[in-house]
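>>> structure, please.
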Amino acid sequence: MEPIIRFVKIKPIRVAVFHAEGKSPEPEAYNKMKVWAELKGLLKEPWINLVFGNNNPMPTPGKEEYGYDFKIAIPPAMELSGGVTEGEIPGGTYVVVRTNLANITEMWMWLYNWAETEGYHVKGHGVEEHLTGMGHPDTMLLDLWLPVAEPGE
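Below you'll find the model as predicted:
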């Protein structure tokens with residue numbers, strides 16, 4: 001069964017960024033974000049405060065360690081402190097597909113290939129919208145967001 005593709009057009013989203021590096025940095029970055037976001041009351045209504053993540057830096061062949069950033073959407077006037085940095089999910093058009101963590105690598109490869117085959121120009125690295133928080137790879141759901149320019153743009 002072929003994955004269901006959605007297109008999402010967004011304005012830039014202001015985010016608070018939480019970084020970790022290691023052999024498996026995602027849980028550390030997630031826990032930093034979760035503690036901070038709970039203190040700020042941002043996780044009371046998760047459908048309002050989008051949570052994203054992406055590798056930073058990307059994994060490289062022959063090196064076990066890499067970095068990961070968790071990002072949570074924040075209001076324009078919210079002040080950041082305590083080592084929390086500000087970032088942005090760029091505005092534009094994204095091709096979005098849902099997957100679980102167990103299939104994330106294959107789904108990213110499929111999505112990049114789909115975009116190329118359909119004539120879309122990929123405009124940078126994608127981000128993962130975390131829908132269920134950290135969990136078992138088979139049940140942890142993510143939407144993969146790939147920034148694209150539409151054919152002819």
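>>> in what helix or strand does the residue most central in space within the chain lie?
Centroid-nearest residue in the chain: Glu128, 2.6 Å away (criterion: CA atoms, centre = their mean). Using DSSP states H and E, Glu128 maps to strand 127-130.
>>> surely the residue nearest to the centre of the chain meets Asp143?
Yes: counting by CB atoms under 8 Å, Glu128 does reach Asp143; the two are 7.3 Å apart. Quick note: C-beta positions are derived from backbone N, CA and C, even for glycine.
>>> so which residues of this protein form helices?
Taking DSSP state H to define them, one finds helices in the chain at 26-39, 104-117.
>>> run through who's touching the last one.
By CB atoms under 8 Å, 6 or more residues apart in numbering, the list of residues contacting helix 104-117 from outside reads 3, 5, 95, 97, 99, 122, 126, 128, 142, 144, 146, 148.
>>> now with 7 Å?
Outside helix 104-117, the residues that touch it by CB atoms under 7 Å, 6 or more residues apart in numbering are 3, 95, 97, 99, 122, 126, 142, 144, 146, 148.
>>> that helix: which residues count as buried?
By neighbour count on 16 or more other CB atoms under 10 Å, the buried set for helix 104-117 is 107-108, 110-112, 114-115.
>>> just list whatever residues bridge to Val8.
Applying DSSP bridges to Val8 yields these beta-bridge partners: Tyr94.
>>> show me where pLDDT drops low in this protein?
Counting by pLDDT under 70, the ranges of the chain that qualify are 45-48, 135-137, 153.
>>> list the buried residues in stretch 35-50.
For stretch 35-50, a neighbour-count test (16+ other CB under 10 Å) marks 36-37, 40, 42-43, 49-50 as buried.
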